[in-house]
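Student: Sequence plus predicted model, see below.
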Amino acid sequence: MKKQKQRKKPAKKNINSNSPQKKKMSKRELYSTIRSWVIMIALALGAGYFIISEVNASIKEHDLSRIENNIATVVQIHDPQCPSCLALQKQAKSALSEIDSDSVDYVIANIRTKKGRDFANSYRVPHVTLLLFDNKGRLKRTLSGQRQAEEIKREIESVIK
């Protein structure tokens, strides 16, 4: 007589259960998930800090009330969509990086805003212009058009003295 192979019957599924069965997470998977979340949170906090710092610096850079603060001030009449203005800004910042930051301040008058436009109109100057003020807030020099960093530095130093 031949023995018949006995087939194992599959385990019955719990038909009464409405929720899918959850797989138990191993310690390795748990630690991996926790590590991933910690990294994502750290990156999000770092990005948030960087963005807030940049926004605060931008707000400070556009504060026109800083002109009469007992320090010489360079004000750039600036259009953020103008390539010439962006080039002048780069040269001005390069020149200012070589001068003691306690002796001169840098402010941008954005002509795309009402406040910046009114400021430029009050001095009757177009964009792509640097206005150099002494420490009492009196206009000493007006530099219109493209300038090299060396020339800007010389002009700023003459106002500071």
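Tutor: Thanks, I have it.

Student: From the chain's centre, how far out is whichever strand or helix holds K90? Work that out for me.
Tutor: If you go by DSSP states H and E, K90 is part of helix 83-97. Relative to its parent chain, helix 83-97 has a centroid offset of 17 Å by C-alpha atoms, centre = their mean, to the nearest Å.

Student: And stretch 65-83, by the same measure?
Tutor: The answer for stretch 65-83 is 18 Å, by C-alpha atoms, centre = their mean.

Student: Just the buried residues of that stretch, please?
Tutor: 66-67, 71-79 (16 or more other C-beta atoms under 10 Å). In this view, the C-beta of every residue, glycine as well, is placed from N, C-alpha and C.

Student: follow-up on the earlier one: tell me which residues in the helix holding K90 are buried?
Tutor: So helix 83-97, judged by 16+ other C-beta under 10 Å, has buried residues 85, 88-89, 91-92, 95-96.

Student: So which of those is the closest to I39?
Tutor: Nearest to I39 out of the buried residues of helix 83-97 is Q89 (C-beta to C-beta; 36.1 Å).

Student: wait, doesn't that closest one sit right on V74?
Tutor: No: Q89 lies out of contact with V74 (C-beta atoms under 8 Å); the separation is 10.7 Å.

Student: Give me the mean pLDDT for the helix holding K90.
Tutor: Throughout helix 83-97, pLDDT has a mean value of 92.
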